[in-house]
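K.L.:
next comes the sequence, and after it the predicted model I'd like to discuss.
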Amino acid sequence: MENLYEKIRSGLAFNKFEVRELLFVEYTCPLEDEAFGIWTQSDYLIHVLSGQKTWRTPRGSWTVAAGETLYIKKGAAIVEQFFDDEFCMLGFFISDDFIRNILKEISGKMDFNADPKNSPAAAIEVHNDPLLSAYFQSMLTYFNGSQKPSDLLLEIKLKEFIINILTTPHNPSLAAYFQSLLEVEKSSIRQIMEANFNFNLSLEEFARLCHRSVSSFKRDFKKHYNLSPGKWLLTKRLEYSAHLLKNSDSSITQIIFECGFEDLSHFSRAFKEQFGVSPLNFRKDAGAKRTLPASF
């Protein structure tokens, strides 16, 4: 699974601006694989200039087309291509600390229009009012220019977007999510693991996703689940694969990919140890007789 943030940051061919941990990019995606997995340790905002793509997780799927905008929380997703038009987007990678610092700076100075309930969804659709449409057009102007804008100006432009979301009535779910970041200084292990368990990430990548060292991640994980990350991940992935075998038409090959297993032999062996039958036989006749997790 590819780290999109690191790929863009280290790539020489991208039209991008970097300001410390912040990353701004005008990105044209080559039309190659029909579906591929990506992850990032930071949230990111995409505004589609042409084409369309679907971001899919166990908690939902979001298709965005030209003129539409999606805010995607830190974590992993399966991205599905459409081959009708070339896909081009503006992408902004935003750290939690940057958002928190802006909230602390403006708190008490203006009213926020936030939904009282913070959505647990992995992504949030952004409603583009005239102000936001003009905002993205102004950002595109910088990418089309011959000179990089100053770091201060780029930070101010990103701050403009966040304040716009917080103070206008069109995006209460995203405003609530921004405000929720003030309540915790560290990313929630439980929220991140429940949202990303099915993706084939290494222990080191899960630790980065949770903004912890590997040793801190293991220690905090044990406090939450009283299990090692490896044992917990295997159980969750097997339960999810059983759910898909019973409730979807996906092929076993697709299910292996969607549940984070390396290959068929590993999946089949682990599945049989857990459920007593092969995945194929489970789907044929054993699935209807077994008690599975109600939902994912």
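P.N.:
Cool, the structure landed.

K.L.:
contacts for the helix or strand containing residue 230, please.
P.N.:
Secondary-structure assignment from DSSP states H and E places residue 230 in helix 229-247. Under the criterion Cβ atoms under 8 Å, 6 or more residues apart in numbering, residues 58, 193, 197-198, 203, 206, 217-218, 221, 225, 250, 252, 255-256, 258-261, 267, 270-271, 274-275, 279, 282-283, 287-288, 290, 292-293, 296 lie in contact with helix 229-247. All C-beta spots, glycine's among them, are computed from the backbone N, C-alpha and C.

K.L.:
among those, which ones are buried?
P.N.:
58, 193, 197-198, 206, 217-218, 221, 225, 252, 255-256, 258-261, 267, 270-271, 274-275, 279, 282-283, 287, 296 (16 or more other Cβ atoms under 10 Å).

K.L.:
name the helix or strand for residue 77, please.
P.N.:
Assigned by DSSP H and E, residue 77 belongs to strand 75-81.

K.L.:
by contact count, what packs against that strand?
P.N.:
The contact analysis (3 or more Cβ pairs under 8 Å, 6 or more residues apart in numbering; DSSP states H and E) places strand 75-81 against strand 35-40, strand 52-57, helix 189-196.

K.L.:
buried sites along the helix or strand hosting residue 176?
P.N.:
Residue 176 is located in helix 172-180, with elements delineated by DSSP H and E. Of the residues in helix 172-180, 172-179 count as buried by neighbour count, 16+ other Cβ under 10 Å.

K.L.:
where's the closest residue to residue 283 other than its chain neighbours relative to residue 236, distance?
P.N.:
What sits nearest to residue 283 in space, not counting adjacent residues and going by Cβ to Cβ, 6 or more residues apart in numbering, is residue 245, at 4.5 Å. Computed as Cβ to Cβ, to the nearest Å, the residue 245 to residue 236 distance reads 15 Å.

K.L.:
higher neighbour count, the two?
P.N.:
residue 245 (22 against 19; other Cβ atoms under 10 Å).

K.L.:
could you give the bridge partners of residue 65?
P.N.:
residue 52 (DSSP bridges).

K.L.:
I figured it hits residue 47, correct?
P.N.:
No. Applying Cβ atoms under 8 Å, one finds residue 65 not in contact with residue 47, separated by 11.3 Å.

K.L.:
now stretch 230-241: buried residues?
P.N.:
By 16+ other Cβ under 10 Å, the buried positions in stretch 230-241 come out as 232-234, 236-241.

K.L.:
domains of the chain?
P.N.:
For the chain, automatic domain parsing gives the domain ranges 2-180, 189-289.

K.L.:
mind putting those into a markdown table with mean pLDDT?
P.N.:
Output for the domains of the chain, formatted as a markdown table (pLDDT from 0 to 100):
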| stretch | mean pLDDT |
| --- | --- |
| domain 2-180 | 90 |
| domain 189-289 | 91 |
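
K.L.:
nearest residue to residue 199 other than its sequence neighbours?
P.N.:
In space, residue 199 is closest to residue 76, 3.8 Å off (Cβ to Cβ, 6+ apart).

K.L.:
pull the contacting residues for that neighbour.
P.N.:
Counting by Cβ under 8 Å, 6+ apart, residue 76 touches 1, 37-39, 57, 196, 199, 201, 209.

K.L.:
what's around residue 247, how many residues?
P.N.:
Burial of residue 247 is recorded as 12 neighbouring residues (other Cβ under 10 Å).

K.L.:
same question for residue 251.
P.N.:
When neighbours are defined as other Cβ under 10 Å, residue 251 has 9 of them.

K.L.:
may I have the phi/psi pair for it?
P.N.:
Per-residue torsions, residue 251: phi -70, psi 160 (degrees, to the nearest 10).

K.L.:
for residue 23, see how far away residue 279 is.
P.N.:
Going from residue 279 to residue 23 by Cβ to Cβ gives 40 Å.

K.L.:
an error on my part: the question was meant for residue 143.
P.N.:
Distance, residue 143 to residue 23, using Cβ to Cβ: 13 Å.

K.L.:
higher neighbour count, those two?
P.N.:
More neighbours surround residue 23 than the other of residue 143 and residue 23, with 23 against 16 (other Cβ under 10 Å).

K.L.:
perfect, that will be all.
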